[in-house]
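Chemist: prediction below, plus the sequence it came from.
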2 protein chains.
Amino acid sequence: MNYVSEPITSRDNPAVKHFRKLMTSKKERRSSREFALEGSRLVFDALKNNAPVTKLLITASAASKYENQLSEYSGIEKVYISDELGEKISDTGTTQGIFAQCDFIDCDNICSSLKLYGRYVVLSGLQDPGNAGMIIRTADAMGLDGVILSNSCDIYNPKVVRATMGSLFRIPVFSDASEDEIFMALDSAQIPSFAAVVDRNASDLNNADFTMGGAIFIGNEGNGLSDSVVLKCKESITIKMHGNIESLNAAMATGIIMWELMK
Amino acid sequence: MNYVSEPITSRDNPAVKHFRKLMTSKKERRSSREFALEGSRLVFDALKNNAPVTKLLITASAASKYENQLSEYSGIEKVYISDELGEKISDTGTTQGIFAQCDFIDCDNICSSLKLYGRYVVLSGLQDPGNAGMIIRTADAMGLDGVILSNSCDIYNPKVVRATMGSLFRIPVFSDASEDEIFMALDSAQIPSFAAVVDRNASDLNNADFTMGGAIFIGNEGNGLSDSVVLKCKESITIKMHGNIESLNAAMATGIIMWELMK
């Protein structure tokens, strides 16, 4: 591996400092409209899916290990760092020594972007990064038309990014829309809205009519959906079960509803 | 709170040492047939479900906080420890200061215990503690008759226990059966066996016939089920989807199959 210069060893290097801030600070991410990736799987998923990666940070060990794979991406700026510095900036227990900086990739202008009679999930107040990541991953697996977030956790939080397992680069995600914009966008794409609730009086998921598509609203892990969202939705649906329904995790419940939506 | 004596402050106290080993060592758990619980939710779930809790370890702060709830369980031995020691023995970031030691609770003698035409999930080679815990939790939520594990991760690993969110105390779990015993037990309870596979030629999950119950075999996260298990099963089933099927997490896939099994 031919370095332009010696690998960076200091946390105070401006490129390294900015990268670390992207990992830990939502404010930094919002102001630069960039986020951080760590690990070979995520970084190469981003590159293969033509995500707007602006910079790679690579340790000396990773530079030799991934030399061939990286050679395809000669147009992207590479910053070489020491193995020790790689360990220091890592957010995971054992780092693979490969990091990337990527521009925001969520779609904007939700009002003109939704597919006619499309199938979407809307996370409204969902807060757990692991749940949000798992839902984005499952939505991609099932072939939904997109994931919409409103008042939910930051999709560029490294925990969310990691939990999506690369699906963030494959499925359209809208994360900056207001509740009003979402309902207007659904109206213009003629997509019926469904509020997922825990309520024995709501319609059984098994009887929901998704022939004209559907947008499923999923609420906060502890408190569910706000009353205003439930009232604005065309219909409330629930998962009826024999077991201990309180045990169903939010991401799992969402997965099951998406499964029925896509049938 | 009236202590019998001053709270324990040393990690070398035999009761504390044994508890710590139960948290970290599978060998210790196997030899004493006990496991460790941490946190108020798990500990009280165990107590409420009459799990065989043999000892409680409680910090000074937790003793006052949970005094009322604990007074119901005066028959159980209580060991008081200092807040500092509580922090040290904790497996989580911020401890609630309440820990318990519990005898193994899995059912034995699978051969005579399965329900006629029952509905079960069989984890065969599943290794990730988070996945195993999430599956046990979801099986409880959906009302399955039980969870059977074979060559899978240790259900008494604190990560599994935590991820079950108390469902471990509510649903029958068989964790010590061999492959042969499992198939014999299914035969005698007249339960058809289904191998969950990623294979476009397998039967579509949507067409599977679960009217006589069913035992769904779920394999290892990376390698799936062994050929011998697939051959022994009555039928192979698969989740057919439009999306990027490789993105479906093992616990999520299992949740969807269990959902169809319980319809």
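Modeler: Everything's here; your move.
Chemist: any idea how far B:M165 is from whichever residue of the stretch 51-200 of chain A sits closest to chain B?
Modeler: As assessed by C-beta to the nearest C-beta, chain B sits closest to A:G143 within the stretch 51-200 of chain A, at 3.2 Å. For glycine as for every other residue, the C-beta is placed from the backbone atoms N, C-alpha and C. When distance is defined by C-beta to C-beta, to the nearest Å, A:G143 is 30 Å away from B:M165.
Chemist: if you count surrounding residues, which of the two has more?
Modeler: B:M165 (20 against 15; other C-beta atoms under 10 Å in any protein chain shown).
Chemist: does that one really touch B:A46, like I thought?
Modeler: No - taking contacts as C-beta atoms under 8 Å, B:M165 lies outside contact range of B:A46: 11.8 Å.
Chemist: quick check, pLDDT for A:G146.
Modeler: pLDDT, A:G146: 97.
Chemist: what's the burial count for it?
Modeler: 23.
Chemist: that one: what's it in contact with?
Modeler: Going by C-beta atoms under 8 Å, 6 or more residues apart in numbering or on different chains, A:G146 touches A:107, A:114-115, A:118, A:120, A:139, A:171-174.
Chemist: adding distance to chain B, pLDDT and neighbour count, write the residues you listed out as CSV.
Modeler: Listed next are the contacts of A:G146 as CSV, based on distance: C-beta to the nearest C-beta, whole Å; pLDDT from 0 to 100; neighbours: other C-beta atoms under 10 Å in any protein chain shown:
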residue, distance to chain B, pLDDT, neighbour count
A:C107, 18, 86, 15
A:L114, 18, 96, 25
A:K115, 14, 97, 13
A:G118, 13, 98, 19
A:Y120, 14, 98, 28
A:A139, 8, 97, 29
A:I171, 8, 95, 22
A:P172, 13, 95, 20
A:V173, 14, 96, 22
A:F174, 18, 95, 23
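Chemist: nearest to B:V161 among those?
Modeler: A:A139 (29.6 Å; C-beta to C-beta).
Chemist: what about that closest one, which helix or strand?
Modeler: helix A:129-142 (DSSP states H and E).
Chemist: the closest residue to A:R33 other than its chain neighbours: what's it in contact with?
Modeler: Spatial nearest neighbour of A:R33, excluding adjacent residues (C-beta to C-beta, 6 or more residues apart in numbering or on different chains): A:F104 at 4.6 Å. Contacts here follow C-beta under 8 Å, 6+ apart; on that basis A:F104 touches A:29, A:33-35, A:156.
Chemist: one more time with 7 Å, if that's ok
Modeler: Listed by C-beta atoms under 7 Å, 6 or more residues apart in numbering or on different chains, the contact set of A:F104 reads A:33-35.
Chemist: same deal with A:G97?
Modeler: A:G97 sits next to A:58-59, A:61-62, A:83, A:86 when contact means C-beta under 7 Å, 6+ apart.
Chemist: picking up where we left off before, tell me the pLDDT at the residue of the stretch 51-200 of chain A closest to chain B?
Modeler: Reading off the confidence values, A:G143 has pLDDT 96.
Chemist: swap in A:V197?
Modeler: According to the model, A:V197 carries a pLDDT of 95.
Chemist: please apply the same query to A:L149.
Modeler: Predicted confidence (pLDDT) for A:L149: 96.
Chemist: isn't it right next to A:L123, touching?
Modeler: Yes - the criterion here is C-beta atoms under 7 Å, and A:L149 meets it with A:L123 at 4.7 Å.
Chemist: got the CA coordinates for stretch A:245-259 in CSV?
Modeler: Output of stretch A:245-259 as CSV, limited to C-alpha atoms (Å, rounded to 0.1, in the frame of the first residue of the first chain):
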residue,chain,number,x,y,z
ILE,A,245,-49.6,-9.6,23.6
GLU,A,246,-47.7,-7.2,25.8
SER,A,247,-44.6,-9.3,25.1
LEU,A,248,-44.6,-8.4,21.4
ASN,A,249,-41.6,-6.2,20.6
ALA,A,250,-42.4,-3.1,18.5
ALA,A,251,-40.1,-4.1,15.6
MET,A,252,-41.6,-7.6,15.6
ALA,A,253,-45.1,-6.3,15.6
THR,A,254,-44.2,-4.0,12.7
GLY,A,255,-42.6,-6.9,10.8
ILE,A,256,-45.8,-8.9,11.1
ILE,A,257,-48.0,-6.0,9.9
MET,A,258,-45.6,-5.4,7.0
TRP,A,259,-45.8,-9.1,6.1
